[in-house]
Structures are given as structure tokens and as C-alpha cells.
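Peer 1: Need a 3D model of the sequence below.
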Amino acid sequence: MGMYDVHEVVEALSKLSYKDALAYWIEGEKEEAEFYRELARRARDLGLGEELVKTFEKLAEDSLNHAAELEARFRETYGNAPRSDLPPLEVLPVLDEFERADQLEEVLKAAMESELIAHESYKLLAERVDDERLRELYSKLADVERGHYEMLLERYRELVKEKA
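Peer 2: Residues are numbered from 1 along each chain as shown. As a prediction, the model looks like this:
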């Protein structure tokens, strides 16, 4: 895996308060939106088909919606904007590799891995925290990331089928 150790991340996150966990998640969702928006742009530039572009755009939109929803909840509860000092879980070095159409398979794999890591981490966190609201938050998150993974997996399977 190499990018980061799920257990280290979970260790750090499990020490966070609800407020800090929420701030962390909001940041992460914004980063994820940026990431998928950039993937959509490159997929379009490389002429990789509307289906794929739409998938990336949908993932970007999902992430932005989550961020907005959570930020509203955060401001309501704490009266200020969220700030997080922990490095986000989701940011990937894969963008550097996405310059050519034939790199799409690698990019999809890396994005899927990232979503799985996030899914696993949130699932572990849900099991470890005592705070009921946090448990709900992390369970919901785990499901969201799982859904993202499934979407990417579908595109990946289509891609591999086309090649065969």
C-alpha cells in the first residue's frame, strides 16, 4: 500500500473530538471534490468518453454536497468555520500519472484503493469511538466511500472488458 498506514491514520483520528473529526471530514471531502474534478477534466481532454467523465463529475459533486451539508452543520453547532490540521486521508499522488489515455487503468485502480482505504478507516473508527454521534458519522462515511468505490469499480470493469 505504501501511501499511508490505515492503522496510523485511524489511531490519530480516533483521538479527535466530534468537532475536530467533523472539520477533518469537511476538509477531506473538499480535497476529494478537487481531485475528481481534475480527473474529469483530464478524462475529457483525453477523449476518454462521456460515461467516465460523468462518473468523475458525479463523485466530485457528491463530495462537494457532503462538504456543504457538513459545513452547515458545523457552523450551526460551533458558530465558526471548520479548520483541520491533520493531513487528509484521500489525497492521492495519482494525478501526476494521468497524462495519457493508457494510464486510465492505473488511475482508476489508485482511486479505488483510496476509496477502500477510506472505507476501511471509517469502518474501524465507527467501531472504536464511544461518542454516538461520531459513530453515526463514521458509519455513514464508510457507506459513502464504499459507494464511490463501487462506481469506480464499474468503470474499471467496463474498461478491462473493452480491452479484452
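Peer 1: Can you list the buried residues in stretch 106-114?
Peer 2: 107-108, 110-114 (16 or more other Cβ atoms under 10 Å). (Glycine included, C-beta is placed from N, CA and C.)
Peer 1: Please, which helix or strand holds the closest residue to residue 144 other than its chain neighbours?
Peer 2: Closest residue to residue 144 apart from its sequence neighbours, by Cβ to Cβ, 6 or more residues apart in numbering: residue 66 at 6.9 Å. Using DSSP states H and E, the element containing residue 66 is helix 50-78.
Peer 1: do the same with residue 80
Peer 2: With DSSP H and E as the test, residue 80 turns up in no helix or strand.
Peer 1: can you tell me how far it sits from residue 122?
Peer 2: 25 Å (Cβ to Cβ, to the nearest Å).
Peer 1: hmm, back to that, which residues are in contact with the residue nearest to residue 144?
Peer 2: Counting by Cβ atoms under 8 Å, 6 or more residues apart in numbering, residue 66 makes contact with 25, 29, 144.
Peer 1: In terms of secondary structure, what does the longest helix along the chain contact?
Peer 2: Longest helix in the chain by number of residues (criterion: DSSP state H): helix 132-163. Packed against helix 132-163 by the contact rule (3 or more Cβ pairs under 8 Å, 6 or more residues apart in numbering; DSSP states H and E) you find helix 18-45, helix 50-78, helix 104-128.
Peer 1: which SS class is residue 83?
Peer 2: Secondary structure for residue 83, judged by DSSP: H, G, I helix; E, B strand; the rest coil, is coil.
Peer 1: How many neighbouring residues does it have?
Peer 2: By other Cβ atoms under 10 Å, the residues close to residue 83 number 10.
Peer 1: From residue 73, how far off is it?
Peer 2: As for residue 83, its distance to residue 73 is 15 Å (criterion: Cβ to Cβ).
Peer 1: Report the angle between the helix holding residue 66 and helix 104-128.
Peer 2: Angle of helix 50-78 versus helix 104-128, following axes from the mean of the first three to the mean of the last three Cα atoms, to 10 degrees, is 30 degrees.
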